[in-house]
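# okay, sequence plus prediction incoming.
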Amino acid sequence: MRGRRALRSAAALGLLAMTATACSGEVKRLGMPEPISDQAERMLTLWQGSWIAAFAVGAVVWGLIIWAVLFHRKRSDDLPPQVRYNMPIEILYTAVPFVIIAVLFYFTARDENYVEKTTDNPAVTIDVTGFQWSWQFDYKEKDAAGKEQTVASVVGTPVAPNAPSGAKPVMTIPANQTVRVRLHANDVIHSFWVPALLYKKDVMPGYVNEFEFTARKLGTYEGRCAELCGVDHSRMLFQLQVVSPEQYAKFIADSKAKAAGGAQ
């Protein structure tokens, strides 16, 4: 009796936990963070589709196993009919995996091309430099002659993992505009990672990696280095702040005015 009560309590707690998780959207996203960009939405869709395919294959496999156990279990000591081979079935279980792999490959290649695609004239270009153990964000614009120049710069310092938000360097970007991020490193390999973008990219010395994204949701999102880069790797934190285009324009204008004032 006690065992049944314990089992019921455990089942109720499990159901409550699943309900709470489902309300937060975690079940729908299958453990992924809430995406904030067009590219992240595409990756989330691919992730969900892959799980649906996996569940479908699992259901078929388990269904066949259960069917075999229930309807083809041993009923006597007689040796069942021996079949050397079954050509249709062999063709089926050889062809079906190839079809599944081909479909997954197609959607993966399609979405990878979309995520890695760059445009000729992004609205915002930011040079991100990873160094032991923080980040530098240089905002680039072209002058009348077409020459690129830095109009704003944010240089961070290592911070503790539990440090308040104000201690972390902030990369500010406008919502609903294409942002190009160019990644640089001068010491060791780092990795630029914002979980809300569902994307990370290596930051390597001697090679410039770049990617673009269009953020759709305003807010402040945590970022960090995802490549073990030394003793203070855990302190290599930053924040991505998505603001309105008007707020971004003010941020750039204030940075220009500050730089002009400092030059006088």
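Noted; the coordinates are in hand.
# from here on, just use CA atoms for contacts and neighbour counts.
Noted.
# pick out the least confidently modelled helix or strand of the chain, by mean pLDDT.
In the chain, the helix or strand scored least confidently by mean pLDDT, DSSP states H and E is helix 2-24, which has a mean of 53.
# so after it, what's the next helix or strand?
If you walk from helix 2-24 toward the C-terminus, the next helix or strand you reach (DSSP states H and E) is helix 26-29.
# packing partners for the next helix or strand after that next one?
If you walk from helix 26-29 toward the C-terminus, the next helix or strand you reach (DSSP H and E) is helix 38-71. For helix 38-71, the contact count by 3 or more Cα pairs under 8 Å, 6 or more residues apart in numbering; DSSP states H and E identifies helix 87-116, strand 209-214 as packing neighbours.
# so which of these gets nearest Ala144?
Nearest to Ala144 among these is strand 209-214; the distance by Cα to Cα comes to 24.2 Å.
# which strand residues bridge Thr220?
Gln241 (DSSP bridges).
# mind jotting down where the strands sit in the stretch 151-264 of the chain?
Secondary structure of the stretch 151-264 of the chain (DSSP state E, counting those that start in this stretch): strands located at 170-174, 178-185, 190-194, 199-203, 209-214, 219-225, 237-243.
# what helices or strands is the fourth one leaning on?
In terms of contacts (3+ Cα pairs under 8 Å, 6+ apart), strand 199-203 is packed against strand 178-185, strand 190-194, strand 209-214.
# note down every partner strand of the second one and its orientation.
I take that to be strand 190-194. Partner strands for strand 190-194, per DSSP bridges, with pairing direction: strand 199-203 (antiparallel), strand 219-225 (antiparallel).
# out of those, nearest to Arg182?
With Cα to Cα as the criterion, Arg182 lies closest to strand 199-203 of the strands paired with strand 190-194, at 9.1 Å.
# buried by neighbour count: which residues of that closest one qualify?
Lys200, Lys201, Asp202, Val203 (16 or more other Cα atoms under 10 Å).
# how far is that strand from where the chain is centred?
10 Å (Cα atoms, centre = their mean, to the nearest Å).
# low pLDDT regions in the stretch 1-150 of the chain?
Within the stretch 1-150 of the chain, the ranges that satisfy pLDDT under 70 run 1-24.
# many thanks, we can stop here.
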